[in-house]
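[1] just coords:
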């Protein structure tokens, strides 16, 4: 098939996939609204499961259309774990989808702007995600969630990666882990594409196929000094990831 025809077909599929994803998220947000009346202990696991299924369905569809190649199966070994922090590097905006698709009961520390997002806000609230709008409240809510046995995912770079292989990692994750008496489980994410990295608009088509790999890494215990814990995690990510966006990545 001539390259131009292949490229045109991929771009058409790409926009259809985005439309499909937007529809699933919007309808999902509407469908879960009645759960506002349900107790949190009932509604949060249900909404977390719904988010996981939407992510898994979307990624499976993209892979079936040959727009993506995925290596996420090793994340399954974390399924069923409790009272733990997941800390992943963050090369692109799709990283949370990768983790949610394999782990159905994860809550996330999220940007405050997501709360008002038409496609994500209601679901994130009903799933019990923790907003960073007010830092003091964020710390209390994150520590409480982990103490209650939940698995909390945090991107410790604070934003998408702008410096390879990872940005500076702050001490917040170490503080939450110490206060919650929970381990820090790393996840190493790599991709071959800068799609949805910092500054890349969602509707700008990349080169295909997009390749994503996410694997569990080393587990850390938080020491009494949060800066020391953050330094060990920083060193681990830097030694394990030569590049989180690697054009030569193959599965």
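    On my side now, so go ahead. Quick caveat, the model's predicted, so the values are computed rather than measured. Numbering: from 1, shown residues only.
[2] and the residue nearest in space to the middle of the chain, which of the three is it?
    Nearest to the mean C-alpha position of the chain, by CA atoms, centre = their mean, lies residue 96 at 1.4 Å. Recorded secondary structure, residue 96: helix (DSSP: H, G, I helix; E, B strand; the rest coil).
[3] in space, what's closest to residue 213 - neighbours in sequence excluded?
    Nearest residue to residue 213, sequence neighbours excluded (CB to CB, 6 or more residues apart in numbering): residue 71, at 4.2 Å. For every residue, glycine as well, the C-beta is placed using N, CA and C.
[4] same check on residue 56?
    residue 101 (4.1 Å).
[5] right, and the one you found touches residue 55 too?
    Yes: contact criterion CB atoms under 8 Å: residue 101 and residue 55 qualify, at 4.1 Å.
[6] hang on, the earlier thing: for the residue nearest to residue 56, give me its contacts.
    Contact analysis of residue 101 by CB atoms under 8 Å, 6 or more residues apart in numbering lists 52, 55, 56, 59, 72.
[7] do the same with residue 149
    82, 83.
[8] ok, which stretches of the stretch 51-200 of the chain are helices?
    95-102, 121-126, 135-147, 172-180 (DSSP state H, counting those that start in this stretch).
[9] columns distance to residue 65 and mean pLDDT on top of those, output as JSON lines?
    Shown next, in JSON lines, are these (distance: least, CB to CB, whole Å; pLDDT from 0 to 100):
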{"stretch": "helix 95-102", "distance to residue 65": "16", "mean pLDDT": "98"}
{"stretch": "helix 121-126", "distance to residue 65": "24", "mean pLDDT": "96"}
{"stretch": "helix 135-147", "distance to residue 65": "36", "mean pLDDT": "95"}
{"stretch": "helix 172-180", "distance to residue 65": "36", "mean pLDDT": "96"}
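[10] can you tell which of these is closest to residue 26?
    helix 121-126 (9.7 Å; CB to CB).
[11] now the closest one: buried residues?
    121, 122, 123, 124, 125, 126 (16 or more other CB atoms under 10 Å).
[12] related to what we said a few turns ago, and the residue nearest to residue 56, how close does it get to residue 94?
    In this structure, residue 101 and residue 94 are 10 Å apart, going by CB to CB, to the nearest Å.
[13] which residue packs closest to the residue nearest to the centre of the chain, ignoring adjacent ones?
    residue 108 (6.1 Å).
[14] please apply the same query to residue 233.
    residue 169 (5.5 Å).
[15] again with residue 162
    residue 198 (5.3 Å).
[16] quick one: contacts for the one you found?
    159, 160, 161, 162.
[17] neighbour count and pLDDT added to those residues, as CSV?
    Converted to CSV, the contacts of residue 198 look like this (neighbours: other CB atoms under 10 Å; pLDDT from 0 to 100):
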residue, neighbour count, pLDDT
159, 10, 94
160, 19, 96
161, 24, 96
162, 13, 95
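[18] mind listing what's buried along the longest helix anywhere in the chain?
    Looking only at the chain and at elements set by DSSP state H, the helix with the highest residue count is helix 3-32. Residues of helix 3-32 classed as buried: 10, 13, 14, 17, 21, 24, 25, 28, 29, 32 (neighbour count, 16+ other CB under 10 Å).
[19] I'd like those laid out as a markdown table, including distance to residue 248 and pLDDT.
    Listed next are the buried residues of helix 3-32 as a markdown table, based on distance: CB to CB, whole Å; pLDDT from 0 to 100:
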| residue | distance to residue 248 | pLDDT |
| --- | --- | --- |
| 10 | 21 | 97 |
| 13 | 25 | 97 |
| 14 | 23 | 97 |
| 17 | 25 | 97 |
| 21 | 28 | 97 |
| 24 | 33 | 97 |
| 25 | 33 | 96 |
| 28 | 36 | 95 |
| 29 | 38 | 94 |
| 32 | 41 | 94 |
